[in-house]
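1. No letters, just coordinates:
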Ligand code: GDG
């Protein structure tokens, strides 16, 4: 079996024993089991990066290959094309899309530089797994250099409907680039459908079967591979400090209080203002919960150099102030809003002692927080997950209370329903949810993706049409 080569915008930390995110754990495990290389940006922005500046470090049988970005590349490739064009449009926010030709130029150039950097390090039998929207043109750049490797792509964010994708400038080019992969993986069946529908309407690709196409002499597989979490590890973290949790529980039950929790990167796709308004609506409609229900929103800072992110932050601060100003009392405030990242262990504990996990993105590829919230619960006294129907996770997690995040009343009603749900129903729902996330965990995600990539039939690459 050949090595695994992972390429992503940022690399994970191979040096530390405990990886912070579930995704990093999955990738590091896969890399260690077959030996391999992880390539990406090292997070540094420098004056003049060159291919020869790439850093190579080895940890056991895994090598990390990193490059830095120039100011211009960071501005145009990362903040520009990736986060002002692809991120908003793939999340159905065409209104926030800001396209400029230099964004696309640098996006292509950085992908070219990534391909140049890694090319001489590749072995013929390497299996290459490329991650996410930053690197769509990566395979086409490698093919241009004669690569006949099996190259797979996995999109972590949603693939939008035909009308939305075809509104993205250069979508035809993006399509041609995607079709240079051997396996194109998405989070959900809905994403696969959107992509296939787009191909049928906008390309001459021939469908050999629903998930297999023929294009320019090559065969390309398309599939859904819903990403999961390491449920056992997250649950263990949530149960580490039992004593503190019990005290917190007792305090809450004495005061007849309960906590609603959300944790997200502060991103406009996550539906934070709508969620706060739903909580306000819940308090307006059910004043008996004043003094009892607390909503804790952890919003870790993200992409602060992009204006749309600063705007959403200001809106949240204003909303928190307004709701607390109206309802807070000397010993209670309805909303606790934390605009910084907190330790993963603490997050797990907080999930465990919160009665309701309120996860209502307007769009999300999957949403790992929803799965982590389930993993953190006590089977005997589990909390309830309220989940947006527009999170990829909703395709699997039918036993959550599924809501339309745009419908403030519906979300407020769901909070009420959760607050009054019987223990029997809570346990039954949690049992089913836990078995879902345990069965479809992060290990299974990477096993199934890599098995599908190994199984693809490749033929010699064709040069791309411009
Ligand atoms: C993209 C897609 C897809 C959050 N706050 C803190 C913190 N987190 C952790 C969570 C979770 C991760 O960050 C967030 O993952 P999500 O999946 O919820 O969202 P994105 O970052 O948007 O991820 C998404 C994912 O890729 C994987 O494919 O599911 O749809 O958008 O693990 O726990 N972690 C710590 N402190 C925090 O304050 N330590």
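-> Arrived safely. The structure presented is a predicted model; accordingly, all values stated were derived computationally and were not measured.
2. which stretches of the stretch 1-150 of the chain form strands?
-> 4-10, 36-46, 55-59, 62-70, 127-131, 150-154 (DSSP state E, counting those that start in this stretch).
3. Spit out the contact partners of the nearest residue to residue 100 once chain neighbours are set aside.
-> Spatial nearest neighbour of residue 100, chain neighbours left out: residue 80 (6.7 Å); criterion: CB to CB, 6 or more residues apart in numbering. Bear in mind the C-beta positions are built from the backbone N, C-alpha and C, glycine included. Applying CB atoms under 8 Å, 6 or more residues apart in numbering, we find residue 80 in contact with 100, 102, 103, 106, 107.
4. Kindly recompute the last result at 10 Å.
-> Neighbouring residues of residue 80 by CB atoms under 10 Å, 6 or more residues apart in numbering: 72-74, 86, 98-100, 102-107, 306.
5. do the same with residue 64
-> Per CB under 10 Å, 6+ apart, neighbours of residue 64: 6, 11-15, 31, 37-40, 42, 55-58.
6. If we use 8 Å, what do you get?
-> By CB under 8 Å, 6+ apart, residue 64 lies in contact with 11, 14, 37, 38, 39, 55, 56, 57, 58.
7. For it, give its distance to the ligand.
-> Distance, residue 64 to the ligand, using CB to the nearest ligand atom, to the nearest Å: 20 Å.
8. ok, what's across the strand from residue 402?
-> For residue 402, the beta-bridge partners are residue 387 (DSSP bridges).
9. what about it, how many residues close to it?
-> A total of 17 residues lie near residue 402 under the criterion other CB atoms under 10 Å.
10. Go ahead and confirm it touches residue 385.
-> No: the criterion here is CB atoms under 8 Å, and residue 402 misses it with residue 385 at 9.4 Å.
11. ok, back up a step: what's the spacing between the residue nearest to residue 100 and residue 245?
-> Going from residue 80 to residue 245 by CB to CB, to the nearest Å gives 45 Å.
12. for residue 63, same thing?
-> Applying CB to CB, the value for residue 63 to residue 245 is 41 Å.
13. same thing with residue 352?
-> From residue 352 to residue 245 the distance is 6 Å (CB to CB).
14. Tell me which of these two has more neighbours.
-> Neighbours were counted for residue 352 and for residue 245 using other CB under 10 Å; residue 352 has more, 26 against 17.
15. residue contacts, that one?
-> Going by CB under 8 Å, 6+ apart, residue 352 touches 238, 239, 245, 376, 377, 378, 383.
16. Quick check, residue 104 in contact with residue 81.
-> Yes: using CB under 8 Å, residue 104 makes contact with residue 81 at a distance of 5.7 Å.
17. And the two? Which one has more around it.
-> Just comparing residue 104 and residue 81: by other CB under 10 Å the higher neighbour count belongs to residue 81, 27 against 20.
18. Would you agree the more buried one is in contact with residue 98?
-> No: counting by CB under 8 Å, residue 98 is not a contact partner of residue 81; they are 10.0 Å apart.
19. The closest residue to residue 59 other than its chain neighbours and the ligand, how far apart?
-> Once flanking residues are discounted, residue 59 sits nearest to residue 14: 4.3 Å by CB to CB, 6+ apart. Distance, residue 14 to the ligand, using CB to the nearest ligand atom: 19 Å.
20. State the pLDDT value of residue 14.
-> Per-residue confidence (pLDDT) for residue 14: 73.
21. give the contact list for it.
-> Applying CB under 8 Å, 6+ apart, we find residue 14 in contact with 28, 31, 38, 57, 59, 62, 64.
22. That one and residue 35, how far apart?
-> 12 Å.
23. Can you pull the residues that touch both of these two?
-> Taking CB under 8 Å, 6+ apart as the contact rule, residue 14 and residue 35 both touch residue 62.
24. Got phi/psi on the residue at the greatest distance from the centre of the chain?
-> Most distant residue from the mean C-alpha position of the chain: residue 330, 38.5 Å away (CA atoms, centre = their mean). Torsion angles at residue 330 (phi, psi; degrees, to the nearest 10) stand at phi -60, psi -30.
25. What's the local residue count around residue 214?
-> Neighbours of residue 214 under the rule other CB under 10 Å: 12.
26. now the helix or strand of the chain with the lowest mean pLDDT, how far from the chain's geometric center?
-> Lowest by mean pLDDT, DSSP states H and E among the helices and strands of the chain is helix 242-255, with a mean of 70. Mean-position distance between helix 242-255 and its chain equals 32 Å (CA atoms, centre = their mean, to the nearest Å).
27. What are the contacting residues of that helix?
-> The list of residues contacting helix 242-255 from outside it, by CB under 8 Å, 6+ apart, reads 257, 258, 259, 292, 349, 352, 353.
28. could you flag which of those are buried?
-> 258, 259, 292, 349, 352, 353 (16 or more other CB atoms under 10 Å).
29. what's the single longest helix in the chain?
-> helix 307-327 (DSSP state H).
30. Is the ligand within reach of that one?
-> No: using CB under 6 Å from any ligand atom, helix 307-327 never reaches the ligand; the gap is at least 12.6 Å.
31. Partner strands of the very next helix or strand once past that helix, with direction?
-> Where DSSP states H and E defines the elements, the next helix or strand beyond helix 307-327 is strand 335-338. Counting by DSSP bridges, the strands paired with strand 335-338 are strand 293-300 (parallel).
32. Mind listing what's buried along the partner strand?
-> By neighbour count with 16+ other CB under 10 Å, strand 293-300 contains the buried residues 293, 294, 295, 296, 297, 298, 299.
33. now do stretch 191-209
-> 191, 192, 193, 194, 195, 196, 198, 199, 205.
34. Can you name every helix or strand that the strand or helix carrying the fourth one contacts?
-> Secondary-structure element containing residue 194, defined by DSSP H and E: helix 189-202. Other elements packing on helix 189-202 under the criterion 3 or more CB pairs under 8 Å, 6 or more residues apart in numbering; DSSP states H and E are helix 162-165, helix 171-178, strand 183-186, strand 206-209, strand 218-224.
35. what about the helices in the stretch 301-450 of the chain?
-> For the stretch 301-450 of the chain, the helices defined by DSSP state H, counting those that start in this stretch occupy 307-327, 344-352, 368-376, 408-419, 423-439, 442-455.
36. taking those together, which one is wrapped up most tightly?
-> Looking across the helices of the stretch 301-450 of the chain with neighbours counted as mean count of other CB atoms under 10 Å, the highest average goes to helix 368-376: a mean of 28.
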